[in-house]
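Coordinates for the following, if possible.
(chains A and B, ligands or ions: 1)
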Amino acid sequence: MRTPKLGLLVVCVAAVLAAHAAPRVRAQSRPLAITATSNADLRTWDSAVDRLKRDGALRARATSEDLLLPGRVHERLDQYVGGVRVFGGDLVRQTENGLTVSIFGTMYPDVAVDGAAAMPPEDARAIVEGLSGAELGDTRRPELLILPDEAGGARLVYRLKAFTLENAIDYFIDASTGAVVLELGAAERQSVSSLGVGRGVLGDDKKVSVASLGGNFVAVDLLRPPSIRTYDMRANLSRTIDFLNGVVGLTASDFALSATTTWSDPVAVDAQAYVGQVYDFYFKRFGRRGLDNKNLALINIIHPVRRDDVYTASDDIIGNFYLNAFYAGNGVMVYGEGLPAGLTLGGQRWNYFAGGLDIIGHELTHGVTEFSSGLIYRNQSGALNEAFSDIMGTATEFFDQPIGDGPMKAEYLMGEDVVTPGGIRSLANPGQFGNPDHFSKFVTAPADAAHDYGAVHTNMTIATHAYYLAIEGGADRTSGLSVQGVGTANRDQIEKVFYRGFTQLLPSNATFSVARAATIQAARDLYGAGSAPERAVTQAWTAVGVQ
Amino acid sequence: MLVPSHAAAQDNWDGRFRISASGGDQISRDTIAQAFTVQKNLEAAPVTFDVDHKQIYWFDGSIVARLRGRWGVGATVSVATRDNDGHVGASIPHPFFFNQPRPIGGTIGARRTEVAVHLDAVYRLAARGRLDLSVSGGASIFNARETLVTDVAYTDAYPFDTATFASAATTRSTTTSGGFNVGADLTWKRWRRVGLGALVRFAHASATFSASANNTVTGDVGGLQAGGGLRFAF
Ligand SMILES: [Zn+2]
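As a prediction, this is how the structure comes out:
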């Protein structure tokens, strides 16, 4: 999406936004996508952004030094109206020695709400507790937001996450009426299928970084910069839910432990080792220090349920805690238990989810997204959120494992070491699993839980296939358009382009089109205009039908 | 007597005992090449220690008793010692991954000390005026001490893909072994009882030094000694 008659529009946007000194408004709140990379666009938007900052309509959320290009700085700004943040209204300004290089974002120029929140936040918490059946701890404070809707309206809402046995939902409660106006998936899952080592799950011997404690060894990594801890919930699902909701904290007695240095639980071994490897990948490849780039603690939750209890478990519990893995926010990952040996689903065996390096890379990347772009988990931005997780999960495999087919080999399948044979998705051939490889096959669906928040796990492969084509080259099966990839020896170039584009340039409400522009900009930033990576990324997005 | 007469000197030098005190340099092909493993990060870490003792200073004292005609017997106690720098090398396993060793290397000081007792048959080969040439040969017993490495210390930091040598733990290993020696002594009988001698001796034994049961190294002791000193006749 481009911005015609930009100068005039920007002036209008700035004037409208700055006019909202207090929550008063209603009106139309059509989103305005901003992709400013040309000199003319940048001049106009740069001064508008500065003015909006002075007026308080834009507030800095985070400013980060560029770890790949010294001298570059990325400033993330949230849109505020009357002191309240506009959900999905944010932009990212990239500067080099004070000069702006790019601005990507989504703004709601006309957004407005009337008056202040009629309801205190405690009421919103009570509503969510009533809706979810979950007891929420005091640390779970509702956030007051302005929520623009797709019809062009906007309202004041409280946002609060709740985890239950059946689900994990991000609730948006109308701050006046108490009505639920939006539910988003709070657990950004590995798959949506409702039916999901030391020696590792696949029988490979590996080292795990642990700590000695009271005569035992506990799964606490003291060697890597962040604290990496694995907690064994010993099939206590209600305690798991209480922890996820902040009602109870986990203690040393919850640590996965071993009486000797030889660990017998393959799930604890793989969870602890693989999370460390994913942290290593992000650090060595991109210089990133964990999910928040500040070494946020990484928490693994294993054995939330018992495998043999699957026969009596509800479909929701099976879908969430057996046949899935999810990132629960704030560095917490939960790994599904899989199915008992001999029990298959869809002709596939479902092993412990902690046994897949790409799965753990996928889940941790949801955390990277949480602390960077914040891609909203619905529709196109939700599909991009999932796509980036598959892209980085696959990149982790290629960083750590030899290229090839079979267990613990790097290829473009997702979850293939755990869900056998075949895995759950393919970046090389999305159609193999019924996923689209071209934007013309984009699936439009309601952005609710029943429809995977706009088919995010379906549409994601349009972007992951573009990533694949930019590396390996070849033709998109739908468009027939060919891409000259950079080659597998140069895969790090495309990994850096997508990492940069997705973590430093994308706004939270990005569309596929914005992702195209951001990754092309990232390629120019890193390798220059006309470079092989820029050409490959451009051709790849074109081949998958994203302009 | 300030200056001995030549005739008097001859008399004493044909006496029953001769005592020598000598010093010099020992050249050998002796290098210590230690190789062993220690456990680091749940894997075996190969460690090597190479030190070159090809040149060592020595001094000795000996006594020769004349038995019949040109034949005699001698006993020598020889001490050789030298500090040399040796190179420690190791491959330190990665803390996170099997089979991803990180090479380290550094230099430490090592001391070789050899105390040898040579029990020889001595034959006066020739005597011309003030010069006297003897040859000898016999058995040698060496007591040698060597610096051996028992462990290495290193520094590393996340992401632990490299490591740096910090120091090595050492022990002094002592061993006793038997060998042989052959030699020649040319003495210039300068005064009545005192002369100056030049000595060449080759002494050799093989010695096994041990730091622990599975940390041993076999090397040469002795070597080609050349030097000189004082000779006393009485
Ligand atoms: Zn996901």
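
Between the two ends of stretch A:230-246, how far is it?
17 Å (Cα to Cα, to the nearest Å).

quick one: buried residues of it?
Using 16 or more other Cβ atoms under 10 Å in any protein chain shown as the test for burial, stretch A:230-246 gives A:230-233, A:235-237, A:239-246. (Each C-beta comes from the backbone N, C-alpha and C, glycine too.)

Stretch A:289-305 now?
Buried, per 16+ other Cβ under 10 Å, within stretch A:289-305: A:289-293, A:295-296, A:298-305.

how far does it sit from the chain's center?
On the basis of Cα atoms, centre = their mean, to the nearest Å, stretch A:289-305 sits 14 Å off its chain's mean C-alpha point.

Then stretch A:408-418?
That offset, for stretch A:408-418, works out to 20 Å (Cα atoms, centre = their mean).

Thought A:I360 was touching A:M392, still the case?
No: using Cβ atoms under 8 Å, A:M392 is not in contact with A:I360; the gap is 10.7 Å.

Could you list the low-pLDDT ranges of the stretch 51-200 of chain A?
A:114-115, A:133, A:164-167, A:185-197 (pLDDT under 70).

Let me see the ranges of the helices in the stretch 101-250 of chain A.
A:121-132, A:237-244 (DSSP state H, counting those that start in this stretch).

Just the angle for the last one relative to helix A:121-132, thanks.
If you take axes from the mean of the first three to the mean of the last three Cα atoms, to 10 degrees, helix A:237-244 sits at 150 degrees to helix A:121-132.

mind checking the SS state of B:Y154?
strand (DSSP: H, G, I helix; E, B strand; the rest coil).

swap that for A:L364, please
Here A:L364 takes the helix state, with states given by three-state DSSP.

distance of A:A179 from A:L160?
A:A179 sits 14 Å away from A:L160, going by Cβ to Cβ, to the nearest Å.

no wait, B:N41
Applying Cβ to Cβ to B:N41 and A:L160 gives a distance of 45 Å.

More neighbours: which of those two?
Ranked by neighbour count (other Cβ atoms under 10 Å in any protein chain shown), B:N41 and A:L160 place A:L160 first, with 24 against 18.

so that one sits right up against A:I173, yeah?
Yes: the criterion here is Cβ under 8 Å, and A:L160 meets it with A:I173 at 7.1 Å.

shared neighbours, those two?
Residues within reach of A:L160 and of A:I173 at once, by Cβ atoms under 8 Å, 6 or more residues apart in numbering or on different chains, are A:A124, A:V128, A:P142.

Put together JSON lines for these, with distance to chain B and neighbour count on each row.
Formatted as JSON lines, the shared contacts of A:L160 and A:I173 follow (distance: Cβ to the nearest Cβ, whole Å; neighbours: other Cβ atoms under 10 Å in any protein chain shown):
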{"residue": "A:A124", "distance to chain B": "42", "neighbour count": "25"}
{"residue": "A:V128", "distance to chain B": "40", "neighbour count": "26"}
{"residue": "A:P142", "distance to chain B": "38", "neighbour count": "25"}
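
The ion next: which of the residues you listed are close?
Among these, no residue sits close to the ion (Cβ under 5 Å from the ion).

What's the local residue count around B:S134?
Neighbours of B:S134 (other Cβ under 10 Å): 23.

Which strand residues bridge it?
In this entry, B:S134 is beta-bridged to B:R124, B:D185, by DSSP bridges.

per-residue confidence for the closest residue to A:T106 other than its chain neighbours?
Computed as Cβ to Cβ, 6 or more residues apart in numbering or on different chains, the closest residue to A:T106 that is not its neighbour in sequence is A:N509, at 3.9 Å. pLDDT, A:N509: 94.

For A:E472, give me its contacts.
So, once contact is read as Cβ under 8 Å, 6+ apart, A:E472 ends up touching A:Y412, A:A428, A:G485, A:G487, A:T488.

My error: substitute A:G137 in the last question.
Counting by Cβ under 8 Å, 6+ apart, the residues that A:G137 touches are A:N245, A:G246, A:V247, A:V248.

Repeat that for B:A139.
Contacts of B:A139 (Cβ under 8 Å, 6+ apart): B:H118, B:L119, B:G178, B:G179, B:F180, B:N181.

And the residue nearest to the spatial centre of chain A, how far from the ion?
For chain A, the residue nearest the mean C-alpha position is A:H366 (3.0 Å; Cα atoms, centre = their mean). According to Cβ to the ion, to the nearest Å, A:H366 stands 6 Å off from the ion.

How about chain B: which residue is closest to the ion?
B:F96 (25.6 Å; Cβ to the ion).

Quick check: phi and psi on residue 60?
The chain I'm using is chain A. For A:A60, the backbone dihedrals (degrees, to the nearest 10) come out as phi -70, psi 130.

I was after chain B.
Torsion angles, degrees, to the nearest 10, at B:D60: phi -150, psi 170.

ok, it touching B:S78?
Yes: in this structure B:D60 lies within contact range of B:S78 using Cβ under 8 Å: 3.6 Å.

Any chance you could list residues touching both of those two?
B:A116.

Quick check: bridge partners of residue 212?
If you meant another chain, say so; for now it's chain A. Bridge pairing for A:S212 - DSSP bridges - gives A:F217.

meant chain B, my bad for not saying
The partner residues for B:S212, given DSSP bridges, come to B:N215.

so where do the strands sit in the stretch 151-300 of chain A?
A:154-163, A:168-174, A:180-185, A:188-189, A:211-213, A:216-218, A:220-221, A:228-232, A:257-258, A:298-302 (DSSP state E, counting those that start in this stretch).

I'd like the distance between the spatially closest residue to B:G15 that is not a sequence neighbour and B:R201.
Leaving aside its chain neighbours, B:G15 sits nearest to B:A233 (5.4 Å; criterion: Cβ to Cβ, 6+ apart). Applying Cβ to Cβ, the value for B:A233 to B:R201 is 20 Å.

If you count surrounding residues, which of these two has more?
B:R201 (28 against 23).

What is the three-state secondary structure of the more buried one?
Quick answer, by three-state DSSP: B:R201 is strand.

For the closest residue to it other than its chain neighbours, give me its contacts.
Using Cβ to Cβ, 6+ apart and skipping residues adjacent in sequence, the residue nearest B:R201 is B:G183, 3.3 Å away. When contacts are counted by Cβ under 8 Å, 6+ apart, B:G183 touches B:H118, B:D120, B:V135, B:S136, B:G137, B:L199, B:V200, B:R201, B:F202, B:A203, B:Q225.

Could you rerun that using 10 Å?
By Cβ atoms under 10 Å, 6 or more residues apart in numbering or on different chains, the contact list for B:G183 reads B:62, B:74, B:76, B:118, B:120, B:122, B:134-138, B:199-203, B:224-225.

Then B:I19?
B:G61, B:S62, B:I63, B:V64, B:R193, B:L230, B:R231, B:F232, B:A233, B:F234.

how many neighbours does the fifth one have?
By that I understand B:R193. 19.

next one: phi and psi at the closest residue to the residue of chain B closest to the ion other than its chain neighbours?
In space, and not counting its chain neighbours, B:F96 is closest to A:K207: 5.7 Å by Cβ to Cβ, 6+ apart. A:K207 adopts backbone torsions of phi -90, psi 150, taken as degrees, to the nearest 10.

my guess is A:K207 meets B:F160, correct?
No: between A:K207 and B:F160 there is no contact under Cβ atoms under 10 Å: 11.2 Å.
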